[in-house]
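A.B. asks: Return atomic coordinates for the entry below.
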Amino acid sequence: MERVILLKLGEIALKGLNRQTFENRLMGNLKRRISRFGKFEIRSAQSTLYVRKLRGPEEAVDQAFEAAGDVFGVVARSMAAECDKNYEAIRDTALAFLGERFSEVKSFKVDARRSDKRFPMTTPEIMETLGGDILEKYPALRVDVHHPELICMVEVRDHAAYVHGEQLPGAGGMPVGSAGEALLLLSGGIDSPVAAYMMAKRGLSLTAIHFESPPYTSERAREKVLDLAKKLERFTGRLPVYVIPFTEAQLAIRDTCPEEYFTIIMRRLMVRVSSMLAGEKKLGALVTGESLGQVASQTLGAIAVTEECADRPVFRPLIGMDKEEIVQISRKIDTYELSILPYEDCCTVFTPRHPRLKPRLSEVLEWEEKLGAEKLAEAAFRGAKLYGAEEEGEDRGTKE
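C.D. replies: Okay, here's the model as predicted:
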C-alpha cells in the first residue's frame, strides 16, 4: 500500500491564465524544502499536488508531510493511500489504511468526492456501501455524520483513487517568490519576525538587514538576530542577513542633533541605508514591523516623516494590529522566546527622554543637513557584512 501526500491549493486555483506560473513556483519551493528527506515526485492535477516518494526511508514520507505544512501556497494536506479505481480496492484500502484508527474511535463517517464521473458508483453509493462494510468489520462503531471522531475520505480522481483521514491545515497564502523580492528591516524584537512571516505568506522572497552599534550592542545581540533569521527560514526559505555597523552614525546623531529628534533621524538613516541595499540587490520594497501608535517613532506623523526618504514602497503588515495579536503570531511561528531575550538593540541606544510625537519634516531636514546624513548613510552601507546564503534564489522561492 503506497502512501501519497495530497496537498490542496488555495488562491492559486483562482489565478486564471497565470496559474501555471504560481503552481511551478510552489512545486519548486516544495521540492527544495523536502529534498533533504529523500527523492520525491511532485505532480499537479485538479487543484492538488501529489507527492510520492521515489527513494529514501519510509519515514521520509512523514517528514515531508510535516515540512509541507509550512510551505506557503498549500491550504490543506492529507496523508493518503493510493489504490485502483474499483470499489473492492477502495474498500480493502480503507480497512487496511485506517484500520488502526477505526479501532481507536467510537464514531465515524464516510465522505467521498468523485471527480471522475466514469466511475460506476455515485458519491452517495460509495459513502453508503463503504460505511456498511466498515460497520461490519468494526461493529462497535457508530455513524455520526455531524461530529464524527474519524472521517474516512475517498477521492476518486482521474488517475487513481485515494483514501485518507481528516485533512490538516496548510500554511495558506501564496508561494514565496511569486510576488517579488523585498528587504526586511530585522531587529531583535517581537515585531519584525512576525512581519517577515506575514509578507512571506503573501509571496515575497525576503532578504534581511540588521543594524548594530558595538560596543553599545553585543555580539550576542547579533547572534540573537541571526538565530531569529534561522527560525524564519522554516517559512521564508533561505534568509540572508546584511549586518550594518551603525555606531558612527548614532554617535554623530547624539553629538549633533536635538535629543527629541534622535529616534526619528536614526530611523530615517536606517531607511536610507536600507534603500541603498535594496537598490543594489534589486529588491522592490522595504518591510518593517511598525504598528501604528505602538511607540513614539510609530505615530502617524513620525511614520510619514520616516517614509519620506524611502525610494521604494514600505510594507507594514502589522500596522493595524495590537501587541497581543502580534505576540500570538510570534508564539505560533516560534520566534517569541528568542525575541524576548534581553540583549541590546541599537534602537534603544541613546533613546530620548521625550521624543517628538509630531516631528516637522522641515526641521528634520535642517538637522540632517548639519549632520551630513547622506555621507553617514553611505559609510554605513559600505560596511555591510553578509551572513547566510549568498546564492540568491537557493531555497528562497526565486528559482523554478
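A.B. asks: And the strand or helix carrying E125, how far out from the chain middle?
C.D. replies: Applying DSSP states H and E as the criterion places E125 in helix 123-137. Chain-centre distance of helix 123-137: 40 Å, with Cα atoms, centre = their mean, to the nearest Å.
A.B. asks: Packing partners of the next helix or strand after that helix?
C.D. replies: Downstream of helix 123-137, the first helix or strand assigned by DSSP H and E is strand 142-143. If you count contacts as 3 or more Cβ pairs under 8 Å, 6 or more residues apart in numbering; DSSP states H and E, strand 142-143 packs onto strand 107-114. Bear in mind the C-beta positions are built from the backbone N, C-alpha and C, glycine included.
A.B. asks: got the contact list for the strand it packs on?
C.D. replies: Strand 107-114 is contacted from outside by 102, 121-123, 126-127, 130-131, 134, 141-145, 147-156, using Cβ atoms under 8 Å, 6 or more residues apart in numbering.
A.B. asks: Give me the angle between that strand and helix 123-137.
C.D. replies: Computed by axes from the mean of the first three to the mean of the last three Cα atoms, to 10 degrees, the angle separating strand 107-114 from helix 123-137 equals 150 degrees.
A.B. asks: Just the buried residues of strand 107-114, please?
C.D. replies: Neighbour counts over strand 107-114 (16 or more other Cβ atoms under 10 Å) mark F108, K109, V110, D111, A112, R114 as buried.
A.B. asks: Measure how far it is from the centre of its chain, please.
C.D. replies: Relative to its chain's centre, strand 107-114 lies at 32 Å (Cα atoms, centre = their mean).
A.B. asks: ok, it: who's next to it in the sheet?
C.D. replies: Strand pairing for strand 107-114, using DSSP bridges, gives strand 142-143 (parallel), strand 150-156 (parallel).
A.B. asks: Dump the C-alpha coordinates for the helix holding E125 into CSV.
C.D. replies: C-alpha atoms of helix 123-137 as CSV (Å, rounded to 0.1, in the frame of the first residue of the first chain):
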residue,chain,number,x,y,z
THR,A,123,-20.9,9.5,-4.5
PRO,A,124,-23.8,8.6,-2.1
GLU,A,125,-23.4,4.9,-3.2
ILE,A,126,-19.7,5.0,-2.3
MET,A,127,-20.5,6.5,1.1
GLU,A,128,-23.3,4.2,2.0
THR,A,129,-21.7,1.0,0.8
LEU,A,130,-18.3,1.7,2.4
GLY,A,131,-19.9,2.8,5.6
GLY,A,132,-21.8,-0.5,5.8
ASP,A,133,-18.6,-2.5,5.2
ILE,A,134,-16.7,-0.6,7.9
LEU,A,135,-19.6,-1.3,10.4
GLU,A,136,-19.5,-4.9,9.5
LYS,A,137,-15.8,-5.1,10.2
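A.B. asks: Let me see the mean pLDDT of that helix.
C.D. replies: Here helix 123-137 scores 97 as its mean pLDDT.
A.B. asks: Tell me the predicted confidence for A389.
C.D. replies: Reported pLDDT for A389: 61.
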